[in-house]
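# Have a look at this fold, sequence not included:
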């Protein structure tokens, strides 16, 4: 694997050598074009990867799956082996191996992902959102977190050396996929000031100014309706004088002539 060793030379990479040293594990590189040796390595996992996995029914629960693995482990530990002419089992050989204790903390590997700052001055990472100072909308930043730590850093997304990047924000890491929005108190105050500074009462809101259609716009509207072109500016759409005459007659009591006219 290219993440473990350099394929042309077979030398272990420094990054993976640090991992092996942290856990006290040895590394044996399988040389190329050695099918028999590769088959021996894969055969050790044959029972778990083939016999047990292929017989697991669909929809099995986690508890039932763990019970099946435990039963398989008992059978695999009882396999017979020969050591210096003496008969033994896999479990006895495993107990005799001088294994080291696991370290209390995992290997300090760092995870970096590039993100784009949203208009709300937020950065998304692992199903959560974290705040950054305002004024970085649309900028590319890098979210950096270390394995086993409950904190993360937001740094500038620069191609220079990692140590020279500027730290923009520092937050407590929320559980992955929790959908939480973590905001720093200083970022909230700075964002409120930036939003309030963008408002001004020196001029009225231009979006609320009433702008009636012009004569040219009304002429174009008449063309779209298929009506003949007229002087739209001087044309009276509604004559309120007719309604005023009707209202005046209704306010007066009907005379004798009006009653006779209605009876006819």
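Received the coordinates, thanks. Please read these numbers as outputs of a predicted model, since none were measured by experiment.
# Helix or strand next in line after the lengthiest helix in the chain, which one?
Ordering each helix of the chain by length in residues (DSSP state H) puts helix 62-77 first. For helix 62-77, the following helix or strand on the C-terminal side (DSSP states H and E) is strand 80-83.
# Off-centre distance for that next one?
52 Å (Cα atoms, centre = their mean, to the nearest Å).
# and the longest helix of the chain, what does it pack onto?
helix 90-96 (3 or more Cβ pairs under 8 Å, 6 or more residues apart in numbering; DSSP states H and E). The way it works is simple: take the backbone N, C-alpha and C, and place the C-beta from them, glycine included.
# Counting by contacts, list what whichever helix or strand comes after the helix it packs on packs against.
Reading on from helix 90-96 to the C-terminus, the next helix or strand found by DSSP H and E is strand 110-116. Applying 3+ Cβ pairs under 8 Å, 6+ apart, we find strand 110-116 packed against strand 122-125, strand 140-146.
# Name the residues of the last one that are buried.
For strand 140-146, a neighbour-count test (16 or more other Cβ atoms under 10 Å) marks 141-146 as buried.
# average pLDDT for the helix or strand just after it?
Remark: after strand 140-146, the chain's next helix or strand is strand 151-156, criterion DSSP H and E. Here strand 151-156 scores 91 as its mean pLDDT.
# And stretch 23-40, by the same measure?
On average, stretch 23-40 scores 76.
# Kindly report the same for stretch 107-119.
Here the average pLDDT along stretch 107-119 is 89.
# quick check: mean pLDDT across the longest helix of the chain?
For helix 62-77, the per-residue pLDDT averages 87.
# Flag every buried residue along that helix.
residue 76.
# and that helix, how far from the chain's centre?
36 Å.
# For residue 18, state which of the buried residues of strand 140-146 is nearest.
residue 146 (13.9 Å; Cβ to Cβ).
# Quick check, the closest one in contact with residue 112.
No: at 10.2 Å, residue 146 and residue 112 do not qualify as touching, with contact defined as Cβ atoms under 8 Å.
# got a list of contacts for the helix or strand where residue 193 lies?
Per DSSP H and E: residue 193 is located in helix 185-197. Residues from elsewhere that reach helix 185-197 (Cβ atoms under 8 Å, 6 or more residues apart in numbering): 121, 131-135, 169.
# will you turn the buried residues of strand 140-146 into TSV that also has distance to residue 64 and pLDDT?
Compiled in TSV, the buried residues of strand 140-146 are given as follows (distance: Cβ to Cβ, whole Å; pLDDT from 0 to 100):
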residue	distance to residue 64	pLDDT
141	45	92
142	43	92
143	38	93
144	40	91
145	35	92
146	36	89
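# nearest to residue 153, of the residues you listed?
residue 144 (4.8 Å).
# isn't that closest one right next to residue 114, touching?
No: here residue 144 does not reach residue 114: they are 10.4 Å apart, not a contact under Cβ under 8 Å.
# re the thing from before, mind picking the lowest-pLDDT entry from the contacts of helix 185-197?
Scoring these by pLDDT puts residue 135 last, at 86.
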